[in-house]
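K.L.:
kindly generate the corresponding structure for this input.
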Amino acid sequence: MNNEIDLIQNPAIGSIIIWKFLFGYGSKLDNDKFELLFIVLPIIFNQELRNYIDSTRKSSGFTKVIEKMMKDKKVDIVYQINNNIENMKELTLESIRIGMITDLFILDEMLNIEVEQIKIPKVSKSIEKMLNSAEKLGVWLSELNMLEIEKILKVRF
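P.N.:
Take a look at the predicted model:
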């Protein structure tokens, strides 16, 4: 089981997931929102949370995901995100580094990030689903300010 997790939760895949999140977020993420990158992998690598994202229309917004989870009494998943951010910090940093090395995105000295418009190679269906979820998450979080994100996800930046 751990080997399977290592195959999926690796920095190369993480860099593509972060790139797709940034793609959904918009062409540029300003330095005051750089911390958002640290919530991407803990959310996308959580299968149960990703199922809620997958089953929610892009036009509905992230609050709809939380509403569904509350209805199903699964809000405890959200409370795990903050711990998972800490547990996946090294993975996220390594994913960002790989994303920069491979020119998926550009990070300037002020921590502003610009997304490069590239075509990624064909990936498996499971990774494609993660990428779609990451893009959706990016779209949704681009519509919220940092305080709203902290409140909804029960995280502190």
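
K.L.:
alpha carbons only for contacts and neighbour counts from here, please
P.N.:
Fine.

K.L.:
secondary structure element for the residue nearest the centre of the chain?
P.N.:
When CA atoms, centre = their mean is applied to the chain, the residue found nearest the centroid is V40 (2.2 Å). Using DSSP states H and E, V40 maps to helix 37-44.

K.L.:
packing partners for that helix?
P.N.:
Applying 3 or more CA pairs under 8 Å, 6 or more residues apart in numbering; DSSP states H and E, one finds that helix 37-44 contacts helix 11-25, helix 47-54, helix 76-87, helix 89-101, helix 125-142.

K.L.:
what residue ranges in this protein are flagged as low confidence?
P.N.:
Residues of the chain that meet the criterion pLDDT under 70 lie in 1-8, 27-28.

K.L.:
again, only using 50
P.N.:
For the chain, residues meeting the criterion pLDDT under 50 lie at 1-6.

K.L.:
the residue nearest to P11 when sequence neighbours are not counted: neighbour count?
P.N.:
Once flanking residues are discounted, P11 sits nearest to S95: 4.3 Å by CA to CA, 6 or more residues apart in numbering. Other residues near S95 number 24, with proximity taken as other CA atoms under 10 Å.

K.L.:
how close does S95 get to N84?
P.N.:
15 Å (CA to CA, to the nearest Å).

K.L.:
what do you get for A134?
P.N.:
Note on A134: its distance to N84, by CA to CA, is 16 Å.

K.L.:
for the two, indicate the residue with more neighbours.
P.N.:
Counted by other CA under 10 Å, A134 and N84 do not tie: A134 has more neighbours, with 30 against 17.

K.L.:
what sits against that one?
P.N.:
Going by CA atoms under 8 Å, 6 or more residues apart in numbering, A134 touches 17-18, 20-21, 24, 40, 44.

K.L.:
quick one: contacts for the residue nearest to I39 when sequence neighbours are not counted?
P.N.:
Nearest non-adjacent residue to I39, counting by CA to CA, 6+ apart: I85, 6.0 Å away. By CA under 8 Å, 6+ apart, the residues touching I85 are 38-39, 42.

K.L.:
could you dump those to TSV with distance to F62 and neighbour count?
P.N.:
Supplementary listing: the contacts of I85 in TSV, determined by distance: CA to CA, whole Å; neighbours: other CA atoms under 10 Å:
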residue	distance to F62	neighbour count
F38	17	22
I39	14	21
P42	15	24
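
K.L.:
can you put those residues in CSV and add distance to F105?
P.N.:
Formatted as CSV, those follow (distance: CA to CA, whole Å):
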residue, distance to F105
F38, 15
I39, 17
P42, 20
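
K.L.:
all good on my end, thank you.
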